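Participant: compute the structure for the input listed below.
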Amino acid sequence: MKGMKSLRFGLLAALAALPACEGDAQRVPGLTAFTNVNVLPMASETVLADQTVVVADGVIVAAGPASDVEVPRGATVIDGSDRYLMPGLAEMHAHVPPGENPPREAVEDILFLYVANGITTIRGMLGSAYQIPLADEIERGEVLGPNFYVGAPSINGGSAPTPADAERLIRAHVEAGYDLQKIHPGVPLEAWDHMVEVAQAAGLTYSGHVPADVGLVHAIETGMSTVDHLDGYIQAVASDDVQAQVSAGPISLGGLARGFDEAKLAEIIRMTIEHDVYVVPTQYLWRNLYGAPDADAMLMQPEMRYVSPETRDGWRRRAEGGGSGPPDEVALYLELRDRILKALSDAGAGILMGTDSPQLFNVPGFALHRELAVMSEAGMSNYEILKSGTVAVGEYVASHLGLDGNFGTVARGQRADLVLLGSNPLDELANLFDRVGVMVKGRWVSREEIDAGLEALAAKHAGEGSGA
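Facilitator: Residues are numbered from 1 along each chain as shown. Below is the predicted model:
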């Protein structure tokens, strides 16, 4: 597991206290000042005008009114006039290429796509051994990429059919240094309960799908850390009659949704909050998985330029299988998912941004912005949506992973993961695309560098498609 990071406030505060000097000064590596900028601190729904934010050695060492915070000698100055500075976003159900040794270029391309979209933190949910040293390389600044919390290879019905299998995997994953345990479907109840006992004793949290034998209520009661994809919530809020039908055999999506019980929704939300369970909804993906999207139209989206022809062809083939039922039935099911998400958010449950990229039509980084639009359509406010990818993530990392959660807000002592925008995302979420640049652990990546990297990716994949 990653250790807690020392902030070394003495040295950093001394750097920040150096007075500004006239004329050109020798630049101090890692020392940056955003001046005269509007700050979205994200600890509350507010905008602080005319601020200066100083970063040294990857940490915010000063933040306050421009009249009170001097720019230290040797700082690289980034003019924030009429611009907005906010914490970087998080993708909490991310995937990087699986396997023992995937092509390094493919891995770094995906990491870049996240950063290019203002994503400075990811939680990898398809673990491989190579990802642990990769996360360390990113932390040391040797590879450009978001802060990477690595989930272990999944415990599922195939990998852990018995309690002994579950214990063996948990112990191996703790020894390897994974940050959390990924869960897939199929885990038998007996294996689950033993996994919980061993994982809790070892201090390893578990997240992902809710196995059918376990059910959402038991998963929550036994310490599930995050429930991804709203897994199990539709079943949990169904009436007793509908649940009896589900137990007896298949039921249509519409039949499941029409059995919604308001009292059961209130109870499962109460349990979610009481047990401090976070939800990673992945609403946009579920619309594509359960609906019948027009593959031609989806593949005309501008971000499709940044993935390989092979990936695009795979998505097309998958979409040709059609949806999961008649459109009106699917619509009822998806509307209930939106209703559950809105109710969870309104009640104050922990919501974390996530897309499950690069699943169907989900281009890493770009898909998050499509997810945010769907969360907005479900009725969440812009602030609550942005909070789910910033301050809520820092809280989750600290309280559930036991790691340094000093990020997700713009304040002294926080990790310098920042996005500088030309317009206010609290007004319109689409303003997140109006990026001037992104900072990851104090490393500034300008809009020019982002655009050049994206164009190089598009050119590479266009060449692949033409056989060049």
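Participant: when you work out contacts or count neighbours from here on, use the C-alpha atoms and nothing else.
Facilitator: Will do.
Participant: sec struct for the residue nearest the centre of the chain, please.
Facilitator: Closest to where the C-alpha atoms of the chain average out (C-alpha atoms, centre = their mean) is Glu91, at 1.7 Å. Classification of Glu91 by DSSP: H, G, I helix; E, B strand; the rest coil places it in strand.
Participant: helices along the stretch 151-300 of the chain, start to end?
Facilitator: Per DSSP state H, counting those that start in this stretch, the stretch 151-300 of the chain carries helices over the ranges 163-176, 189-202, 215-221, 233-236, 240-248, 253-258, 262-274, 283-290, 295-298.
Participant: quick one: residues in contact with the second one.
Facilitator: Going back to what we said before, that points to helix 189-202. For helix 189-202, contacts defined as C-alpha atoms under 8 Å, 6 or more residues apart in numbering pick out 160-167, 170-171, 174, 205-206, 213-214, 222-223.
Participant: how about stretch 362-374?
Facilitator: Applying C-alpha under 8 Å, 6+ apart, the set of residues contacting stretch 362-374 is 91, 94, 110, 113-119, 282-285, 303-304, 306-307, 353-358, 385, 429-430, 432.
Participant: can you give me how far stretch 289-301 is from the chain middle?
Facilitator: 23 Å (C-alpha atoms, centre = their mean, to the nearest Å).
Participant: ignore the last one, stretch 326-333
Facilitator: That offset, for stretch 326-333, works out to 28 Å (C-alpha atoms, centre = their mean).
Participant: which residues in the stretch 351-468 of the chain form helices?
Facilitator: Under DSSP H, counting those that start in this stretch, the stretch 351-468 of the chain gives helices at 366-377, 382-387, 391-399, 447-466.
Participant: start and end of stretch 114-124, how far apart?
Facilitator: 12 Å (C-alpha to C-alpha, to the nearest Å).
Participant: what does stretch 339-354 give?
Facilitator: Across stretch 339-354, the terminal residues are separated by 18 Å (C-alpha to C-alpha).
Participant: swap in stretch 377-395?
Facilitator: 25 Å.
Participant: name the residues of that stretch that come out as buried.
Facilitator: For stretch 377-395, the neighbour count (16 or more other C-alpha atoms under 10 Å) marks 378-395 as buried.
Participant: pull the distance from it to the chain's centre.
Facilitator: The answer for stretch 377-395 is 11 Å, by C-alpha atoms, centre = their mean.
Participant: I'd guessed Ala236 sits against Ile269; true?
Facilitator: No - in this structure, Ala236 is not within contact of Ile269 by C-alpha atoms under 8 Å, at 10.3 Å.
Participant: more neighbours: those two, which one.
Facilitator: Neighbour count, other C-alpha atoms under 10 Å: between Ala236 and Ile269, Ile269 has more, with 23 against 19.
Participant: you'd agree that one is up against Asp346?
Facilitator: No - with contact defined as C-alpha under 8 Å, Ile269 does not reach Asp346; the gap is 10.1 Å.
Participant: just checking, next helix/strand downstream of the lowest-mean-pLDDT helix or strand in the chain?
Facilitator: Least confident helix or strand of the chain, by mean pLDDT, DSSP states H and E, is helix 9-17 with a mean of 42. Next along the chain after helix 9-17, taking DSSP states H and E as the criterion, comes strand 31-39.
Participant: relative to strand 31-39, how tilted is whichever helix or strand comes after that following strand?
Facilitator: Going down the chain from strand 31-39, the next helix or strand is strand 48-56, by DSSP H and E. Taking axes from the mean of the first three to the mean of the last three C-alpha atoms, to 10 degrees, one finds strand 48-56 and strand 31-39 inclined to each other by 160 degrees.
Participant: any stretches of the stretch 1-150 of the chain with poor pLDDT?
Facilitator: Along the stretch 1-150 of the chain, the parts satisfying pLDDT under 70 run over 1-25.
Participant: try 50 this time
Facilitator: Judged by pLDDT under 50, the stretch 1-150 of the chain has its weakly predicted residues at 1-24.
Participant: can you check the stretch 201-350 of the chain too?
Facilitator: In the stretch 201-350 of the chain (pLDDT under 50), no residue qualifies.
Participant: go again with 80.
Facilitator: The model of the stretch 201-350 of the chain has pLDDT under 80 over residues 246-250, 321-325.
Participant: against Ala295, how distant is Thr390?
Facilitator: Counting by C-alpha to C-alpha, the gap from Thr390 to Ala295 is 32 Å.
Participant: next: Thr121.
Facilitator: 30 Å.
Participant: that older thread, which of the helices of the stretch 351-468 of the chain sits closest to Gly74?
Facilitator: helix 447-466 (22.6 Å; C-alpha to C-alpha).
Participant: dump that closest one to CSV, keeping only the CA atoms.
Facilitator: The C-alpha trace of helix 447-466 is given here as CSV (Å, rounded to 0.1, in the frame of the first residue of the first chain):
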residue,chain,number,x,y,z
ARG,A,447,-3.5,23.7,-23.6
GLU,A,448,-0.9,23.7,-26.4
GLU,A,449,0.7,20.6,-25.1
ILE,A,450,-2.7,18.9,-24.7
ASP,A,451,-3.7,19.8,-28.2
ALA,A,452,-0.5,18.6,-29.7
GLY,A,453,-0.7,15.3,-27.9
LEU,A,454,-4.3,14.8,-29.1
GLU,A,455,-3.5,15.6,-32.7
ALA,A,456,-0.6,13.1,-32.6
LEU,A,457,-2.9,10.4,-31.3
ALA,A,458,-5.5,11.2,-34.0
ALA,A,459,-2.8,11.1,-36.7
LYS,A,460,-1.5,7.8,-35.4
HIS,A,461,-4.9,6.1,-35.4
ALA,A,462,-5.8,7.6,-38.8
GLY,A,463,-2.6,6.0,-40.1
GLU,A,464,-3.5,2.7,-38.6
GLY,A,465,-6.9,2.9,-40.3
SER,A,466,-5.3,3.5,-43.7
